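Participant: Starting from these lines, generate the structure:
(2 chains)
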Amino acid sequence: MSTSGKARTTYREAVRAALREALQRDPRVFLMGEDVGRYGGTYACSKGLLEEFGEDRVRDTPLSESAFVGAGIGAALNGMRPIVEIMTVNFSLLALDQIVNTAATLRHMSGGQFSIPLVIRMATGGGRQLAAQHSHSLEAWYAHVPGLRVVSPATLEDARGMLWSALQDADPVIIFEHALLYNLEGELAPDAGAVDIERAAVRRAGSHVTLITYGGSLGKTLKAAAILAEDSIDAEVIDLRSLRPLDEATFLASVAKTRHAVIVDEGWKSVGLSAEILARIIEGCFYELDAPIARVCGREVPIPYAQHMEEAALPQVKDILAAVRRVLAHV
Amino acid sequence: MALSRETALALLHQMVRIRRFEEKCAELYSAGRIRGFLHLYIGEEAIAAGVMPALTPEDAVVATYREHGHALARGLSPESVMAEMFGKQEGCSRGRGGSMHLFDARLRFFGGNAIVGGGLPLAVGLALADKLARRDVVTACFFGEGAVAEGEFHESMNLAALWKLPVLFLCENNLYAMGTSLARSESDTDLVTKAASYNMAAQPVDGMDVEAVYHAAQDAVATIRRLSVPCFLELRTYRFRAHSMFDPELYRSKAEVEKWKEQDPITTFHARCRALNQADDTDLAKIEAHVAQEIGRAVAFAEAGTLEPVQDLEKDVYTLRAEAYRTIEDEHLR
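Facilitator: Modelled structure (predicted):
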């Protein structure tokens, strides 16, 4: 315990605490996915939960993404509150049919007869030299689809609190956990609990430029903001938190104030989340802008293995700094 | 065991009802009253008619895009189904689904799935929830033999067998996945063997014989309830009409179709009933008259139906927050 009464913990432990709380509080909740039980979770998020809650509620599945995600949808339709874990967003493509064609459509297509209170968690993002089939950021694919809610916890508080709120939602919610965040350390209040999952958060207030980001890029963006502060550049950092729906009001208000915007997104630039945010800014506060908007995104390649190449493919602090200076230099 | 006269008449009635309903649909399609895709079940009626009596109202049904017969046999009113095809908000899916997406939550009829194989994982999940909640409920999942080539078939069969879930897998093998025959799409055309390889009871059934379907479904459902395990039935059948209203049927011969029509499930069953003195021509005439009236009412209902206001277009993409919390609270209290 520190003097503030908060305890040192990690993002991984915060996810585990959220899972444990959900399993304890609601008998309809169960967790299923590949290696969530005996193995303890690919990222050890569910370690110990099988022993605590038993095989009915912590279910190891075969490597059948489509079947176990679809089974989650069916169970949600039938009174349960399943939490389905998919190892990585790349593997989730094997379940795309169930997520897009069934989970997202069923309510509207049936004239409002069904709700699907399903939560799907998955790891996303690069930075661990896992190459092109374990490292991508495909959040935008899901954020594209009406009927889904998509959130991205970037802090310990959100890792701890978004799950319970997602479980209270009557519709499918996808939670993206950036794999590099699991080891993130920090302090968390012992009574930390549910958080809102609709609003973006201003993680650092500033007046010169708005940096809009989410998930695994938040840390890099805050680091860039701290360096900029040494040069008397006062950056405001917005953490989107919810990728669908986008909390447009929060980032538009910030851009209207700072008159400059830089978007940081590990996903690819073309037709991605950064493109959508940029479009919303143009639609919403074009006349407030003093300079063109800049984007710092993942380079348009499959993420390579070699460390130097992977680093070059992902947004880095120096790229954010360069983009901010470019935008502010524009007269 | 022989069927009672009452059961025989009910089965005959259900098959005639589905047949005449769909003949009317085809007519209304040609008249431009029904649009989009329309997949007719004509020739396959013995399956829906024979299986449904084995299920209770608590059981769940998952069907395909060729599901008018399943919907009617499950108890959806012809009015609500016809209105759906007319795109009217009085339809069973408010006119948003059309022919391929019939739903009724109260009847636990979960669609109406137009992705081949897409309904199987859903059925597994419905059954998983029932098993976890210790409810004595069966999920009946209909799909065509085309789904057997999909990964979702194999994933779902494996999961249902592995977790011993109460699912009745009903494979309606009409020999053609749209225009591709089973022999041209499967390295091994023996579907029962495939299912059995998942360590699941599996058997073939003459899907043109409603009595055989009726008994097979009763037995399978009894097994599922007794042992809480999945079962697989391959129902061998044939669709007399084209795949959809756009299909010129280049992939099969008229002679083949005519040959199968000799096994028409309605005429063959009626002939057998007549031979056993269970139903005579007067009974059939009564059924026809009753069905004609029922379909007339359905068409009139659909014609008189209203269109959903365009301002409701985005309604029910998501559950309303207040409604969602209420539902969750209610379920907790129950």
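Participant: Make sure A:Glu51 is indeed in a helix.
Facilitator: Yes: judged by DSSP: H, G, I helix; E, B strand; the rest coil, A:Glu51 forms part of a helix.
Participant: so how many other residues sit close to it?
Facilitator: Burial of A:Glu51 is recorded as 11 neighbouring residues (other Cβ atoms under 10 Å in any protein chain shown). Heads up, the C-betas are built off the backbone N, CA and C, glycines and all.
Participant: What separation do you get for the residue nearest the centre of chain A and chain B?
Facilitator: Chain A has A:Ser152 as the residue nearest its centroid, 1.8 Å off, counting by Cα atoms, centre = their mean. Distance check for A:Ser152 against chain B: by Cβ to the nearest Cβ, to the nearest Å, it reads 19 Å.
Participant: What is the neighbour count of the closest residue to that residue other than its chain neighbours?
Facilitator: Using Cβ to Cβ, 6 or more residues apart in numbering or on different chains and skipping the chain neighbours, the partner closest in space to A:Ser152 is A:Gly215 (4.1 Å). Other residues within reach of A:Gly215, judged by other Cβ under 10 Å, total 28.
Participant: What pLDDT does the model give residue 266?
Facilitator: Unless you meant another one, I'm taking chain A. You'll see A:Glu266 listed with a pLDDT of 98.
Participant: You answered for a different chain; I wanted chain B.
Facilitator: 98.
Participant: in the host helix or strand of it, what's buried?
Facilitator: Using DSSP states H and E, B:Ile266 maps to helix B:265-275. Within helix B:265-275, the residues that qualify as buried by neighbour count (16 or more other Cβ atoms under 10 Å in any protein chain shown) are B:Pro265, B:Ile266, B:Thr268, B:Phe269, B:His270, B:Arg272, B:Cys273.
Participant: what ranges do the strands span in the chain?
Facilitator: Going with chain A. A:7-10, A:29-33, A:58-60, A:81-88, A:119-124, A:149-151, A:173-178, A:185-188, A:201-204, A:209-213, A:235-239, A:242-244, A:261-268, A:294-298 (DSSP state E).
Participant: wait, chain B
Facilitator: Going by DSSP E, chain B shows strands at B:60-63, B:109-112, B:139-144, B:167-173, B:176-177, B:180-181, B:201-206, B:231-236.
Participant: Starting from the last one, tell me which strands it pairs with and how they run.
Facilitator: Put plainly, it is strand B:231-236. Sheet pairing of strand B:231-236 (DSSP bridges) gives strand B:167-173 (parallel), strand B:201-206 (parallel).
Participant: Which residues of the stretch 1-150 of chain B lie near chain A?
Facilitator: Proximity of the stretch 1-150 of chain B to chain A (Cβ under 8 Å from any Cβ of the partner chain) is limited to residues B:60, B:89, B:91-97, B:101, B:103-105, B:110-113, B:115, B:118, B:120-130, B:132-133, B:139.
Participant: Filter those residues down to the buried ones and hand me the PyMOL line.
Facilitator: In PyMOL syntax, the buried subset of the residues of the stretch 1-150 of chain B next to chain A is picked out as below (16+ other Cβ under 10 Å):
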select buried, chain B and resi 60+89+91+92+93+94+95+96+97+101+103+104+110+111+112+113+115+118+120+121+122+123+124+125+126+127+128+129+130+132+139
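Participant: Same list, the strands of chain B, but as JSON lines with mean pLDDT please.
Facilitator: Shown next, in JSON lines, are the strands of chain B (pLDDT from 0 to 100):
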{"stretch": "strand B:60-63", "mean pLDDT": "98"}
{"stretch": "strand B:109-112", "mean pLDDT": "96"}
{"stretch": "strand B:139-144", "mean pLDDT": "98"}
{"stretch": "strand B:167-173", "mean pLDDT": "98"}
{"stretch": "strand B:176-177", "mean pLDDT": "95"}
{"stretch": "strand B:180-181", "mean pLDDT": "94"}
{"stretch": "strand B:201-206", "mean pLDDT": "98"}
{"stretch": "strand B:231-236", "mean pLDDT": "98"}
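Participant: Spatially nearest residue to B:Arg236, not counting backbone neighbours?
Facilitator: What sits nearest to B:Arg236 in space, not counting adjacent residues and going by Cβ to Cβ, 6+ apart, is B:Gly207, at 4.9 Å.
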